[in-house]
Structures are given as C-alpha cells and as structure tokens.
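Asks: Need a 3D model of the sequence below.
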Amino acid sequence: MDLGERRGLETNVYQPAEDSELLAEAVCERLSSDSGSGDENGRTVLEVGTGSGYVAGRIAEETNARVIASDLNPHAVRQAREKGLEAVRADLVSPFVDCAFDVVTFNPPYLPTDPDSEWDDWMEHALSGGEDGRAIIDPFLESVDRVLAPDGTVYLLVSSLTDVDAVVERAGQEGFSAAAIADHSFPFETLTVLELFR
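Replies: Down below sits the predicted model:
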C-alpha cells in the first residue's frame, strides 16, 4: 500500500482516541479479573464498530480470548485485517449467529449532530449519533441480546453528551442491568464505560 492509500484509509477510519483507550483498558481489566486465573480460553469477543481495530487488538493481545472485529466501513475492516485481526463487514450484529459471543464491546458514534450539519462520509458514520447522540446506540441495544451467550456481557462506551441515564433506561427496557465500571472527565464531556448484563 502506498502513502496515498494509507492516508486515505486514515481519513476514512476512526483512529484511536481517549474513548478507545478507556474502553480497551476497562474491557481488558474486566476480562482478566473475571477469569480469576487469567485464563480466558474459550471466550469469544465481538467488537462492533472496530474502526482502526485498536480496541480489538488490545483485547487480542492482552487476553486469551478469540476476538472478532466488525465495522460497516470497508476501510475500517481493511485496516483491522492489516493488523492481523479477524475482521468482517457488518451492520451492528446483523450477520452473526445467535448466542455466538461471550462479550460484545462497542464504542458507538455518539456525538449529537444537527441533521443540517451532517457531511455524509465514513467519518460521519463513525462520529455522528444523530440529534440525541443515540441513533446508533438504540438499535444496538435492541439487537445485541440475540448474539450474546446466556451469561454474556456487553461493554458500551457512552458520553454525557448522549444522556447516560437515557442509555441505561433503554438498556433496561431491553432486559439489561447496567453498571458504570470506568469513566474519564473532560471539560466538555464525561466518557463512561457501561457493563450491561442480564
């Protein structure tokens, strides 16, 4: 791949930022502590919306879980595969079989965006959460239960800009209990990792 192609991938694919780091650290810590002995053999993890593959890569490196990365963006899938990850193009969890994953992680597009300000490209898909910031979160919460194993867990990154209480309430409507397991505050928002379980 030449430099021009590399730059094209990077401008079309969400690159790691503070939210990626927070989610990766929280999930890796939980997977390690939940296993007791540190043996996660047999666990299968899906990262929805993998972007560059940063979070999926950290989980694959720091745990023994099998990690599948997915994204709607074909540029993101390509970048994740270049990092050696199992990556597939998918709209949320639609192509996956029932009860396939022990863990599902998601750093969704969560920035509230005025419809008149949207710019209709792959970076918008990675960032824009619609008018309330939950345009992708709500359909994810409606569908993720189907692909979770019976004792499965979801790790969802949310922002105070999207109204965390509204996300927790929606998760409850879909049969999940929620616990905040990590957060990081900035002058303009607080990022929180929610652990969702039945």
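Asks: What values do phi and psi take at residue 169?
Replies: Dihedral angles phi and psi of residue 169 (degrees, to the nearest 10) take the values phi -60, psi -40.
Asks: For it, the count of nearby residues, please.
Replies: Other residues within reach of residue 169 by the criterion other C-beta atoms under 10 Å amount to 11. No exception for glycine: its C-beta is placed from N, CA and C like everyone else's.
Asks: Same check on residue 142?
Replies: Residue 142 sits with 14 neighbouring residues when counted by other C-beta under 10 Å.
Asks: what does residue 130 give?
Replies: Taking other C-beta under 10 Å as the neighbour definition, residue 130 ends up with a count of 19.
Asks: Would you check that it makes contact with residue 111?
Replies: No. When contacts are counted by C-beta atoms under 8 Å, residue 130 is not listed as touching residue 111 (9.3 Å).
Asks: three-state assignment of the nearest residue to residue 15 once chain neighbours are set aside?
Replies: Spatial nearest neighbour of residue 15, chain neighbours left out: residue 52 (5.2 Å); criterion: C-beta to C-beta, 6 or more residues apart in numbering. At residue 52, secondary structure determined by DSSP: H, G, I helix; E, B strand; the rest coil is coil.
Asks: Need phi/psi at residue 52.
Replies: The phi/psi pair for residue 52 (degrees, to the nearest 10) reads phi -70, psi -10.
Asks: can you check residue 84 too?
Replies: Per degrees, to the nearest 10, the backbone of residue 84 is at phi 90, psi 10.
Asks: So which residues of this protein form strands?
Replies: In chain order, the chain shows strands spanning 44-48, 66-71, 86-89, 101-106, 148-159, 177-185, 190-197, with DSSP state E as the criterion.
Asks: would you list these in TSV and tack on mean neighbour count?
Replies: Conversion of those to TSV gives the following (neighbours: other C-beta atoms under 10 Å):
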stretch	mean neighbour count
strand 44-48	25
strand 66-71	25
strand 86-89	16
strand 101-106	25
strand 148-159	21
strand 177-185	14
strand 190-197	20
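Asks: With distance to residue 135 as extra columns, can I get the ones you listed in CSV?
Replies: Written out in CSV, the entries for these read as follows (distance: least, C-beta to C-beta, whole Å):
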stretch, distance to residue 135
strand 44-48, 15
strand 66-71, 17
strand 86-89, 20
strand 101-106, 14
strand 148-159, 13
strand 177-185, 19
strand 190-197, 18
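Asks: now these in a markdown table, with mean pLDDT?
Replies: What follows is those, written out as a markdown table (pLDDT from 0 to 100):
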| stretch | mean pLDDT |
| --- | --- |
| strand 44-48 | 98 |
| strand 66-71 | 97 |
| strand 86-89 | 97 |
| strand 101-106 | 98 |
| strand 148-159 | 97 |
| strand 177-185 | 98 |
| strand 190-197 | 98 |
